[in-house]
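Participant: next input, structure requested:
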Amino acid sequence: MAANSQIEMLGNRMDFDYSQGVTGYVLVLTRLITGYWFFHAGVTKLGGFSAAGYLANAPAASPLQGFFAWAAATPWLLEFTNFMIPVGETLIGLGLIVGALVRLAAFFGGVLMVFFYLGNADWAHGVVNGDLFGLMMFAIVGTLAAGRILGLDAIIEKMEFVRQRPALKYLLG
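Facilitator: You can find the predicted model right below:
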């Protein structure tokens, strides 16, 4: 369960083991909750999801309104979106739940959350909303390599294939 890390902040190098004690459990819980949230969102959309209304009706305040309108009017892109949103959310959630390819899953989860945040543009109560919190959850889970704590990434990283290709560790964690 060890997850050692070394960081440099304001010119000071620090070593810490965030898998020990409460921090490790909170990080695992954050990974599991975020994973379930996305897994559930994706599974409930499988087989009957259409992004056409969401894309075509993006608020005028959204900086992506023009892109979304173009995507809604482009048949191949709309079909691609209709397929990738539910499948992507399901796979991202599954990866986080089992702790496999967590950094990769968190990266793509973050990309989706940026689109959701800018696409919703529901800032009537300020710029901090659920989409922004979701983006932060993916950033936390990915940067702290939460899959190394009670996740499959800890096992995968010990495999000979990964040890011979250290760059793969950037996808794991």
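Participant: any weak-confidence spans in the chain?
Facilitator: Within the chain, the segments meeting pLDDT under 70 span 1-9, 14-20.
Participant: in what helix or strand does the residue positioned nearest the centre of it lie?
Facilitator: What sits nearest the mean C-alpha location of the chain, by C-alpha atoms, centre = their mean, is residue 109, with 2.5 Å. Take DSSP states H and E as the rule and residue 109 turns out to sit in helix 102-120.
Participant: excluding its backbone neighbours, what's nearest residue 161?
Facilitator: With sequence-adjacent residues excluded and distances taken as C-beta to C-beta, 6 or more residues apart in numbering, residue 161 is closest to residue 168, at 7.9 Å. (C-beta placed from N, C-alpha, C; glycine too.)
Participant: what residues of the helix or strand that contains residue 84 count as buried?
Facilitator: Here residue 84 sits within helix 75-98, counting by DSSP H and E. Buried positions in helix 75-98, judged by neighbour count with 16 or more other C-beta atoms under 10 Å: 78, 81-82, 85-86, 88-98.
Participant: which among those gets closest to residue 164?
Facilitator: Closest to residue 164 out of the buried residues of helix 75-98 is residue 95 (22.6 Å), distances taken as C-beta to C-beta.
Participant: quick one: contacts for the residue nearest to the closest one when sequence neighbours are not counted?
Facilitator: Once flanking residues are discounted, residue 95 sits nearest to residue 105: 3.5 Å by C-beta to C-beta, 6+ apart. Residue 105 is in contact with 91, 92, 95, 96, 142, counting by C-beta atoms under 8 Å, 6 or more residues apart in numbering.
Participant: repeat that with 10 Å
Facilitator: Listed by C-beta atoms under 10 Å, 6 or more residues apart in numbering, the contact set of residue 105 reads 31, 34-35, 38, 88, 91-99, 138, 141-142, 147, 171.
Participant: and for residue 102?
Facilitator: Per C-beta under 10 Å, 6+ apart, neighbours of residue 102: 31, 35, 92, 95-96, 109, 138, 141-142, 144-149, 151-153, 171-173.
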